[in-house]
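Novice: Turn this into a structure:
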Amino acid sequence: MYSEVKPVSKYYVNTANLKNGMLLTISLYVVILLSAGRKAYGQDALFSQFYANPLYLNPAFAGADRCTRVIFNYRNQPFPTFGTFSTYSFSADTYLERVSGGLGVNLIHDQQAGLLSHTQAGIFYAWQGRLSRDWYINLGMQVSYINFRMNTENLVFPDQHNPFGQGYNLSGESLNDAMSSHNADFSTGVLVYNDRFYAGLAIHHLSQPSIDIFSDENLSSKYSIMMGYDYVPGGRRRTGEERISFSPNIITQSQSGFLRFNYGMYAHLSNLTAGVWFRHNLQHPNSLIFTVGLKQVNYSIGYSYDYSLSGFSTPGGGAHELGVLLNFNCSGTNMKYRILNCPSF
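Specialist: Here you go, the predicted model:
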């Protein structure tokens, strides 16, 4: 997630309280962020395990599973040091027949080098209906609270600089310890599916909420198109008893002038899942994503690793992501419509 900013050349970084390898990294990060002549438009945090965080991908996924599910996700970008960029996500959703659909909640916190953070809390509703004998539709909506925050406690201004000794003078700047914005946000999505195939569209940030840390900044709308197919050798529908199946998928996302393509394939062998994805934009490849997972009736665990193809990380320094799903009330759920058959881990 990045914010559109304008040049503010009077800001410097106070590295006196920073340690080890983050000294130079955070200094350069803030200088580039606050002094760059080009604008960096606002974007959302990114998860590579798309279907391990379904509500974040598309509000229409709320209640799409036959169980009440609780999902925890953690993503860490260790370049240049571990924890420099971290994203946390919690979500819960369930299907309720009396509201003819699914209800859900989520909470996301994105932390960038201890300087910028984004917190989002949302509630979801997805109506589930039937188009024909074999085709179904989910229509989802999301209402969220969004907070952007910039921590200014490590910034040093020119009038604080002491060229004849160590330490800093008191500044005459009247800047608070934190600069933040608070806004409401709205998103929507749709899914169409049958036994084997599904396709969907999601539009996030319909209102393009203002970030307000600096003037004239907004979080741009994000458009996501997703499509997948569940292939079982022999033509049977996949169940927990079948040994192997394959799920090719494609997800395309556009936000702030950036167009991102994701192509992936999952292979399911009994309770084990393995997958590989390729992410790129129109100019160059971005990363290869490797995923492994274990799926049981009451829980699932998935791990993925992003191997950078753009040269912005060291060997072993790609992004790590962990997803944990807990299922409840699976046997007692009376589903009026078919379960959406797409990969979760």
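Novice: residue boundaries of the helices in this structure?
Specialist: Using DSSP state H, the helices of the chain run over residues 22-35, 54-57.
Novice: got the CA positions of stretch 59-69 in PDB?
Specialist: Extracted in PDB, the C-alpha atoms of stretch 59-69 (Å, rounded to 0.1, in the frame of the first residue of the first chain):
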ATOM      1  CA  PRO A  59     -17.100  -9.500  -0.800                       C
ATOM      2  CA  ALA A  60     -19.300 -12.000  -2.600                       C
ATOM      3  CA  PHE A  61     -17.300 -14.900  -1.000                       C
ATOM      4  CA  ALA A  62     -19.000 -14.100   2.400                       C
ATOM      5  CA  GLY A  63     -20.800 -17.300   3.500                       C
ATOM      6  CA  ALA A  64     -19.700 -19.200   0.400                       C
ATOM      7  CA  ASP A  65     -18.500 -22.200   2.400                       C
ATOM      8  CA  ARG A  66     -20.800 -24.600   4.200                       C
ATOM      9  CA  CYS A  67     -19.000 -24.000   7.500                       C
ATOM     10  CA  THR A  68     -18.700 -21.000   9.800                       C
ATOM     11  CA  ARG A  69     -15.000 -20.100   9.200                       C
END
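Novice: which intervals of the stretch 201-345 of the chain have sub-threshold pLDDT?
Specialist: Within the stretch 201-345 of the chain, the stretches with pLDDT under 70 are 212-216, 235-242, 311-317, 331-345.
Novice: could you redo the last one with a cut-off of 90?
Specialist: Within the stretch 201-345 of the chain, the stretches with pLDDT under 90 are 207, 209-219, 230-245, 256-258, 269-271, 281-286, 295-297, 307-319, 328-345.
Novice: Which parts of it are strands?
Specialist: Using DSSP state E, counting those that start in this stretch, the strands of the stretch 201-345 of the chain run over 222-229, 244-255, 258-269, 272-280, 285-295, 299-308, 320-328.
Novice: picking up where we left off before, hey, least reliable of the helices of the chain by pLDDT?
Specialist: Mean pLDDT is lowest for helix 22-35 among the helices of the chain, at a mean of 35.
Novice: In contact with Asp188, which residues?
Specialist: Residue 188: Thr, not Asp. 59, 139-142, 202-203, 206 (C-beta atoms under 8 Å, 6 or more residues apart in numbering). Quick note: C-beta positions are derived from backbone N, CA and C, even for glycine.
Novice: Including neighbour count, could those residues go into JSON lines?
Specialist: Below are these laid out as JSON lines (neighbours: other C-beta atoms under 10 Å):
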{"residue": "Pro59", "neighbour count": "33"}
{"residue": "Leu139", "neighbour count": "16"}
{"residue": "Gly140", "neighbour count": "27"}
{"residue": "Met141", "neighbour count": "17"}
{"residue": "Gln142", "neighbour count": "26"}
{"residue": "Ala202", "neighbour count": "24"}
{"residue": "Ile203", "neighbour count": "16"}
{"residue": "Leu206", "neighbour count": "14"}
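Novice: which among those gets closest to Ser86?
Specialist: Distance to Ser86, by C-beta to C-beta, is smallest for Gln142 among the contacts of Thr188, at 23.1 Å.
Novice: tell me the contacts of that closest one?
Specialist: Applying C-beta under 8 Å, 6+ apart to Gln142 gives the contacts 55, 59, 122-124, 185-189, 204.
Novice: Can you give me the pLDDT of it?
Specialist: So, for Gln142, pLDDT stands at 97.
Novice: Which strand residues bridge the residue lying closest to Gln112 once chain neighbours are set aside?
Specialist: Excluding its sequence neighbours, the residue lying closest to Gln112 (C-beta to C-beta, 6 or more residues apart in numbering) is Phe85, at 5.5 Å. Beta bridges link Phe85 to Gln77, Gln112, judged by DSSP bridges.
Novice: Quick one: neighbours of Phe85, just the number.
Specialist: 18 (other C-beta atoms under 10 Å).
Novice: What residues are bridge-paired with the nearest residue to Met179 once chain neighbours are set aside?
Specialist: What sits nearest to Met179 in space, not counting adjacent residues and going by C-beta to C-beta, 6+ apart, is Met150, at 4.5 Å. With DSSP bridges as the criterion, Met150 is bridged to Leu116, Met179.
Novice: Would you confirm that Met150 contacts Leu116?
Specialist: Yes. Met150 is within contact range of Leu116, at 5.6 Å (criterion: C-beta atoms under 8 Å).
Novice: so where's the stretch 1-150 of the chain shaky on pLDDT?
Specialist: 1-46, 50-51, 64-67, 77-86, 97, 111-118, 133, 148-150.
Novice: Kindly recompute the last result at 50.
Specialist: Counting by pLDDT under 50, the ranges of the stretch 1-150 of the chain that qualify are 1-41.
Novice: residue boundaries of the strands in it?
Specialist: Listed in chain order, the strands of the stretch 1-150 of the chain (DSSP E, counting those that start in this stretch) span residues 12-13, 68-77, 85-96, 101-112, 116-130, 136-151.
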